[in-house]
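> Let's see this in three dimensions:
(one chain, ligands or ions: 2)
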Amino acid sequence: MNPVKALENHGQAIWLDFLARGFVAKGDLKALIDTDGVKGVTSNPSIFEKAIGSSDEYDGAISRALKAGDRPVADLFETLAVEDIQNAADVLRPVYDHLNGNDGFVSLEVSPYLAMDTKGTIAEARRLWKDVNRQNLMVKVPATPEGLPAIEHLIGEGISINITLLFSQAVYREVAEAYIAGLEKYVAEGGDPAPVASVASFFVSRIDTAVDKQLDEKIARANDPGERERLSALKGKVAIANAKLAYQDYKRLFAGPRWEKLAARGAKPQRLLWASTGTKNKDYSDVLYVEELIGPNTVNTVPPATLDAFRDHGTVRDSLEENIEDARRVLEELENSGISLDAITAELVKDGVKLFADSADKLYGAVAYKRATSLDGGIDRQQLALGDGIRKAVENSTEEWRASAKIRRLWLKDKSVWTDDDENKWLGWLNSAAAANIADYEDFARRVKGQNFSDAVVLGMGGSSLGPEVLAETFAKKSGFPKLHVLDSTDPAQVQAMEETVDLAHTLFIVSSKSGGTTEPNVMKDYFFDRVTETIGKDKAGHRFIAVTDPGSSLEKTAISQGFARIFHGDPTIGGRYSVLSPFGLVPAAVAGIDVRGLITHALAMVRSCGADVPPHENPGVQLGLAMGLAGLEGRDKVTITSSQKIADFGAWAEQLIAESTGKDGKGLIPIDGEPLGGPSLYGDDRFFIDIRTEGEDDASHDDRLKALEAAGHPVVRIVMKSIDHIGQEFFRFEMATAVAGAILGINPFNQPDVEAAKIKTRELTGAFEKTGSLPAETPVVSTDEADLFTDEHNAAELRKAGADGTLGSWIKAHLSRSDSGDYVALLAYIARNPGTIGSLQKMRLAVRDTHHLATCAEFGPRFLHSTGQAYKGGPDSGLFLQITADDAEDLPVPGQKASFGIIKAAQARGDFDVLTERGRRALRVHLKGDLGSGLSALDAAIAEALS
Ligand SMILES: O=C(CO)[C@@H](O)[C@H](O)[C@H](O)[C@H](O)COP(=O)(O)O
Ligand SMILES: O=C[C@H](O)COP(=O)(O)O
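Ligands and ions are numbered 1, 2, ... in the order given. Sure, this is the predicted structure:
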């Protein structure tokens, strides 16, 4: 007789420790049931990893599943696994029926990531039980300390459970107790225990592998031949002895009055199942762990090779209860030889969890890859060309992040991923796209459309304005909707220019401030509220304003008292710079008629790609973040972003995110936006390039430059968006990458200590103005025809030492001469931002870059204070700052307060400058005299002279 089939005559059920889609579909499982009497199937993460991860057998199913809608990687895997388990369960159903529900089971394991999480295990086991929806399913739960209460709980709900990763007799007794206690509870609550089944999967071969290793070490050290012989005799014996003794416990535990009471109600004993029964040591028989463990009411789950071997040459005898005293002696001798089986089994549980988690990582990585490929362009492409050094560092960190489950911990809001500060309180952005109330935005958009607004203006700063600005610059005006503008300045000319651009009587103002307490949005609101009141009357003015703010803010109170048309609440667990996929970006999008549903749908595709279930090597946000962070640690801390024409403004948003998040504690990344690419000789080795464009925006000369930079050893990341509609993907990719880079840099990416410092200084200055009617006097270090120059004593002394005398050019020259390789030069201009002034600053910065080969920034105040300003003050001390201020041609009053826009802007510039110099930064302020145009030309000429 077929020895496998013969096992049933000895009361042992043979199960197959293997599963794959084709294997069931082609009838192979059915054949084994018929020929070998196979009565069950077990699966585990390693088995699924081999089936799904290492073959293309599932590719068609993955594509089909995704056609019904994109979904997270874990869901995608689960869909496949549940189908496989259902198919196997259906093939085994006749066995189950024939044996009256006593056998014919298929097992599906809960995620190994939950092995230390009782609640998570219970929830997932319940879900799997419901989703598979087959009576002959067993859900597998590990015998970890956290798994044990889950087992009792689940059995108590009538769910059949296979307890896995069981190595020790003591833990086995706890498992049996959990089963019995669970059944008692189930019965007490009126449940019928008859259909509830359970097996305790006692692992065998792994014990020998671990014990033999320790025995071999002792044998190698033993001098006495007798001792060596005694130790050698234990090799390959311990696992079987351990299992045999567990079986003796089984007989005792499932007998006696307590058990009989349950049995009388129809309860089935929890059978011992021998798992890990494939032989690992080639010196042992390949059927060792089958032949030696045959006994009634047991199960042995074997891999296909062991099944084939046993069918070929297995012999069957009642071995399980042979020589029980020998088994005890083997374990005693092991203990006497100084090897602790308890310690080994405790380690094996931990290792087992880790091995399954490793398999799950591989499996999820493979599914993530297949998902991305199947979505075919649905996910924007990202290619990292990092050069050997950074590539290796990224590979090492990728493995470190995987092994320490950092991406899952990040999603679980574990602040120890960063600095253990308060990072856990600032992670609302992870879920903001999923939480968006799309129907409400759509409804609001319809209302806006109905009102025939010509314009809509966002009044906000930094995080509250730069996301909307990207949307305003990237998307064309939608017919029937207002044109979206953003005002983020206290410069009187810029405020005035906005007023002239829009039709006040038909403009909707979106006042955006998370805190509600930021000076700029408040004064901009005061100004425009006054102007709208003058234009359409006091009663109607409020109808032209909406607020986006966090609940309970002072802005909310003002909005209520001034009768704003609508208040949208932000999420207080999202910092401004991470808020674009929350109401701070989505309200302006809806107002402008941008398809919010589409924006969110695309963003969610990237959220899924960066999910907790996507291991670091396949996770685009993690990969980009590791690359940015590790390059930064190696001195390539100037993240140089080139954005193509269609998404030209993206860099301004990314800049605020990267700079404000990472630039602190003397560390950080300095984003460089708006520098057109030059040849390799123009750059130092402090650069990290990110090129982002939409598909089809090809620019051969730009591409050649990128290639040349890559060839010259600069790290280059290329991101190609399918279209501008994918902008949400990039918002999320960069948010995740920045959070990850922050972890690598060892900072809290969610605070902004140095932005606060400048705000305090500014408040002191405007406070003084309110009291005295003027800002505190200041004395220039030098006054020329074109400009007054200011700096602190230390900087002035250094500059004089470097040759600064009575001319503007000499001071600029001295200032630039203080730079070193790896430094950056930032022009910080508190002037109106418009194409003309942008052009002037660009010319100056490029002259500096092309001569000194330094990274350059061209920023406008006060907007950069809420963006890169944090890194300039708190980041690495590699910045050389040239602050530019000017006389305002015309000032504008702010209703209800003494300080005008011009005064506030001046106070902001001085507050900013004071903090820079207090921090010992190299800073020089040039206050241009006369009209702005000639002032800028004079400065340009002075810079040119200084560089010549
Ligand atoms: O736990 C069960 C069955 O309940 C099995 O699927 C179990 O996971 C496997 O037998 C083992 O993982 C296989 O272990 P090994 O042969 O790799 O040591
Ligand atoms: O980036 C955020 C800015 O500092 C503005 O803050 P806020 O939204 O609280 O006004």
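
> chain center to stretch 350-358: distance?
Remark: stretch 350-358 is offset 23 Å from the chain centroid, using CA atoms, centre = their mean, to the nearest Å.

> residues of that stretch that come out buried?
Within stretch 350-358, the residues scored as buried using 16 or more other CB atoms under 10 Å are Gly352, Val353, Leu355, Phe356, Ala357, Asp358. Where you see a C-beta, it was placed from the backbone N, CA and C, and this is true even at glycine.

> Tabulate the residues you listed (CSV), appending pLDDT and secondary structure.
Listed next are the buried residues of stretch 350-358 as CSV, based on pLDDT from 0 to 100; DSSP: H, G, I helix; E, B strand; the rest coil:
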residue, pLDDT, secondary structure
Gly352, 98, helix
Val353, 97, helix
Leu355, 97, helix
Phe356, 96, helix
Ala357, 97, helix
Asp358, 97, helix
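
> and which of these is nearest ligand 2?
For these, the closest approach to ligand 2 (CB to the nearest ligand atom) belongs to Ala357, at 38.1 Å.

> Once you drop chain neighbours, what's closest to the closest one?
Pro112 (4.5 Å; CB to CB, 6 or more residues apart in numbering).

> what residue lies at the spatial centre of the protein?
Met736 (4.9 Å; CA atoms, centre = their mean).

> so who does it touch?
Met736 is in contact with Cys610, Asn619, Gly621, Val622, Leu624, Gly625, counting by CB atoms under 8 Å, 6 or more residues apart in numbering.

> What count of nearby residues applies to the third one?
Around Gly621 there are 26 other residues, counting by other CB atoms under 10 Å.

> now the fourth one
Val622 sits with 28 neighbouring residues when counted by other CB under 10 Å.

> thought it was touching Gly611?
No. Between Val622 and Gly611 there is no contact under CB atoms under 8 Å: 10.4 Å.

> what's in contact with the worst-scoring helix or strand of the chain on mean pLDDT?
Least confident helix or strand of the chain, by mean pLDDT, DSSP states H and E, is helix 753-772 with a mean of 86. Applying CB under 8 Å, 6+ apart, the contact partners of helix 753-772 are 519, 660, 663-664, 775-776, 865-866, 869-870, 873-874, 897-899, 903-904, 907-908, 910-912, 914-915.

> Now restrict the residues you listed to buried residues only.
Buried among the contacts of helix 753-772 by 16+ other CB under 10 Å: 519, 660, 663-664, 865-866, 869-870, 873-874, 899, 903-904, 907-908, 910-912, 914-915.

> if we look at ligand 2, which of the residues you listed are close to it?
Near ligand 2, taking CB under 6 Å from any ligand atom as the test, the members of the buried ones among the contacts of helix 753-772 found are His866.

> In helices, which of the buried ones among the contacts of helix 753-772 appear?
519, 660, 869-870, 873-874, 903-904, 907-908, 910-912, 914-915 (DSSP state H).

> Quick one: list the elements packing against the helix or strand hosting Ala603.
Assessed by DSSP states H and E, Ala603 sits inside helix 596-609. Helix 596-609 is packed against helix 341-374, helix 429-435, helix 438-450, helix 583-591, helix 620-633, helix 727-745, with contacts defined by 3 or more CB pairs under 8 Å, 6 or more residues apart in numbering; DSSP states H and E.

> The same query, at a cut-off of 7 Å, please.
Using 3 or more CB pairs under 7 Å, 6 or more residues apart in numbering; DSSP states H and E as the contact test, the elements touching helix 596-609 are helix 429-435, helix 438-450, helix 583-591, helix 727-745.

> Alright, I will stop here.
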